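Visitor: sequence and predicted structure are below.
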Amino acid sequence: MKLNLRTNLLANTPLKIMSCILGYSFWCILSCSHSSTVWIDAPLCFFGDNSQKKISAPEKISVALSAKRTDLHAIDRNALAIHVDTSTLHEGPNNITLDNKSLFLPDSIKLVHYSPANIVIDVKENKV
């Protein structure tokens, strides 16, 4: 019985090795081009003339990004931030909407969803 099992396992060894290599290659090709979605927590970063403004806003926003798996792995998650221009904000509550431009994402990566859905930034003039 043991001799028969060993003979069956070792029979056609080159064919079995080539089958494994081809199967793994096809799996790699198909999984790399597969589109997937990932959730990332991104901080809000403000730029512009904000020296005389007191800004209160959420610290981080959860964003869902969709792209090919290889493109998502190429993103530096620690460097990803939501950029808001303070010169466009007026005094009081400001509702902002996010898009690819506010995250500086390449065209191959799409912003699908973000949470909280209603981002409110409150701006008050700093009295000196």
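Guide: Received the coordinates, thanks.

Visitor: name the SS class of Ser66, please.
Guide: Recorded secondary structure, Ser66: strand (DSSP: H, G, I helix; E, B strand; the rest coil).

Visitor: what's the burial count for it?
Guide: 15 (other Cβ atoms under 10 Å). No exception for glycine: its C-beta is placed from N, CA and C like everyone else's.

Visitor: ok, it to Gly92 distance?
Guide: Ser66 is 34 Å from Gly92, where distance means Cβ to Cβ, to the nearest Å.

Visitor: ditto for Asn126
Guide: Distance, Asn126 to Gly92, using Cβ to Cβ: 14 Å.

Visitor: Ile55 too?
Guide: Distance of Ile55 to Gly92, given as Cβ to Cβ: 12 Å.

Visitor: direction included, what does the helix or strand in which Val120 is found pair up with?
Guide: Taking DSSP states H and E as the definition, one finds Val120 inside strand 119-125. The pairing partners recorded for strand 119-125 under DSSP bridges are strand 53-56 (antiparallel), strand 92-96 (antiparallel).

Visitor: ok, residues contacting it?
Guide: Applying Cβ atoms under 8 Å, 6 or more residues apart in numbering, the contact partners of strand 119-125 are 44, 52-58, 61, 84, 86, 89-98.

Visitor: so for it, mean pLDDT?
Guide: The predicted model assigns strand 119-125 a mean pLDDT of 88.
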